[in-house]
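K.L.:
sharing a sequence plus its predicted fold:
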Amino acid sequence: MRIIGTGSEAEMVASFLVGELSSERFGPTIARILASHGQPKTLLTNANLSDPEENEQRGRVLGEFRGYRQNRELFTGFPDELSWQQVLMSPSELLEVLYIDYSYWTALTNGTRRPSDAARFIRGGGLVFGHMPTGHFLAVADSMREGAAWEPIICVRAGDGHPIVVLEGHTRLTAMALASDYLPAEVPVLLGTSPAISDWSCY
């Protein structure tokens, strides 16, 4: 893993929201929250990280969306302060990243939380919980093979040598595992580090 720059909490929030905005599952919810706050989509798609008011607005949107800074939902037990870095990971390092500790992702991987095991399950036509199809991951992998541009995934860890867990970008990470032969030599990731992340409910 190679560090290429410093990141920030504001960057994490903006990247999280714009990454989910394109999701068929979550995009409409984010659009609705933006509208309820009287904010345009450009708050996310053209983020000005040097504008404190913009950053505050995005934080409120993420709070309503997933419980950020509210100690609920995805952000239950999530620390207030992390050290953020922009890093590049090799494909092998990327595929060692774990999914969050959540029932869907543990079922998709037969308990390992590893993307390579998810890819194996999906290729085999597995159904999550015995009834939820996984073919949509194959479609996203196909788009990656065709050169689709994506936001970097967001990951966290407790420190050097500790497991790295994806915070945002599970579908993209799964697609990368399915199409690992198409990955570049280095993949950009936004990485947050804090010993307190071990208290996060999904770590």
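P.N.:
Ah, there it is.
K.L.:
who touches residue 43 in this structure?
P.N.:
34, 54, 57, 58, 61 (Cβ atoms under 8 Å, 6 or more residues apart in numbering). For glycine as for every other residue, the C-beta is placed from the backbone atoms N, C-alpha and C.
K.L.:
how many neighbours does residue 23 have?
P.N.:
13 (other Cβ atoms under 10 Å).
K.L.:
helix, strand or coil for it?
P.N.:
coil (DSSP: H, G, I helix; E, B strand; the rest coil).
K.L.:
quick check: it touching residue 170?
P.N.:
No. Counting by Cβ atoms under 8 Å, residue 23 stays clear of residue 170, with 10.1 Å between them.
K.L.:
list the contacts of the residue nearest to residue 75 when sequence neighbours are not counted.
P.N.:
The shortest distance from residue 75 to any non-neighbouring residue, by Cβ to Cβ, 6 or more residues apart in numbering, is to residue 67 (4.5 Å). The contact partners of residue 67, taken as Cβ under 8 Å, 6+ apart, are 73, 74, 75, 76.
K.L.:
average pLDDT across the longest helix anywhere in the chain?
P.N.:
Ordering each helix of the chain by length in residues (DSSP state H) puts helix 52-66 first. Averaging pLDDT along helix 52-66 gives 98.
K.L.:
stretch 189-203 now?
P.N.:
Here the average pLDDT along stretch 189-203 is 98.
K.L.:
could you tell me how far that stretch lies from the centre of the chain?
P.N.:
Distance of stretch 189-203 from its chain centroid, counting by Cα atoms, centre = their mean, to the nearest Å, is 12 Å.
K.L.:
okay, which residue is most central for the chain?
P.N.:
The residue lying closest to the centre of the chain (Cα atoms, centre = their mean) is residue 168, at 1.4 Å.
K.L.:
please name the bridge partners of that one.
P.N.:
Taking DSSP bridges as the rule, residue 168 bridges to residue 154.
K.L.:
which parts of the protein are strands?
P.N.:
Under the criterion DSSP state E, strands of the chain are mapped to 2-6, 83-89, 153-157, 164-168, 187-193.
K.L.:
which strands and helices sit next to the third one?
P.N.:
Identification of packing neighbours for strand 153-157 by 3 or more Cβ pairs under 8 Å, 6 or more residues apart in numbering; DSSP states H and E yields helix 9-21, strand 164-168, strand 187-193.
K.L.:
residues contacting the residue nearest to the centre of the chain?
P.N.:
15, 16, 19, 20, 153, 154.
K.L.:
repeat the analysis, applying 10 Å as the threshold.
P.N.:
Residues near residue 168 by Cβ atoms under 10 Å, 6 or more residues apart in numbering: 12, 15-20, 62, 66, 74, 100, 151-156, 190.
K.L.:
and residue 28, by the same measure?
P.N.:
residue 21 are the contacts of residue 28 under Cβ under 10 Å, 6+ apart.
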